[in-house]
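**Q** predicted model follows, preceded by the sequence.
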Amino acid sequence: MQKVTPFLWFDGQAKEAASFYTEVFRSPPPREAGAGVSFEVGGMTLNAFDGGPEFEFNEAISLYVDCADQQEVDYYWGRLVEGGQPSQCGWLKDRFGVSWQIIPRALPRLLGDPDRARADRAMQAMLKMQKIDVAALEAAVDAA
């Protein structure tokens, strides 16, 4: 059993959000859990509850999606941004207001390049992006 479980507070959309997330991440369907719903995303259990309008999501908490390649970035970005809002540097807000980081494995590798000039070029390229473009990052890193 997972020791820490994220608990998401919605205003009447908990079941809809859980169904959407399990569809996007190809997970088992959500399970009713008392006044809320329990579901799995990327191997992690989350709980959702319809608590009312008192609280809203913001970027202080985000869910990080580790993407193997550009194909995964494109898939998760495309699905999660539907009805939501793109932001900068791989971040987006979905239609429920939840913030996500859709990050290819290449990004931390390029940002951590021991050659600081290459790493700085990766950073400068990333800062101009909404959805991360791996080919553009690698081209920027290799440009001298």
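**A** Received, thanks.

**Q** partner strands of the helix-or-strand element of the chain with minimal mean pLDDT, with direction?
**A** Lowest by mean pLDDT, DSSP states H and E among the helices and strands of the chain is strand 31-33, with a mean of 89. Sheet pairing for strand 31-33, assigned by DSSP bridges, gives strand 36-41 (antiparallel).

**Q** quick one: contacts of the strand it pairs with?
**A** 14-15, 18, 21-22, 25, 27-32, 45-50, 63 (CB atoms under 8 Å, 6 or more residues apart in numbering). For glycine as for every other residue, the C-beta is placed from the backbone atoms N, C-alpha and C.

**Q** which ones among those map onto helices?
**A** Judged by DSSP state H, helices contain the following of the contacts of strand 36-41: 14-15, 18, 21-22.

**Q** buried ones in the least confident helix or strand of the chain?
**A** Residues of strand 31-33 classed as buried: none (neighbour count, 16 or more other CB atoms under 10 Å).

**Q** ok, stretch 108-124 next?
**A** Across stretch 108-124, burial judged by 16+ other CB under 10 Å covers 110, 118-119, 121-123.

**Q** gap between the spatially most distant residue from the centre of the chain and A117?
**A** In the chain, counting by CA atoms, centre = their mean, A144 sits farthest out from the average C-alpha position, at 31.7 Å. If you measure A144 against A117 using CB to CB, to the nearest Å, the figure is 8 Å.
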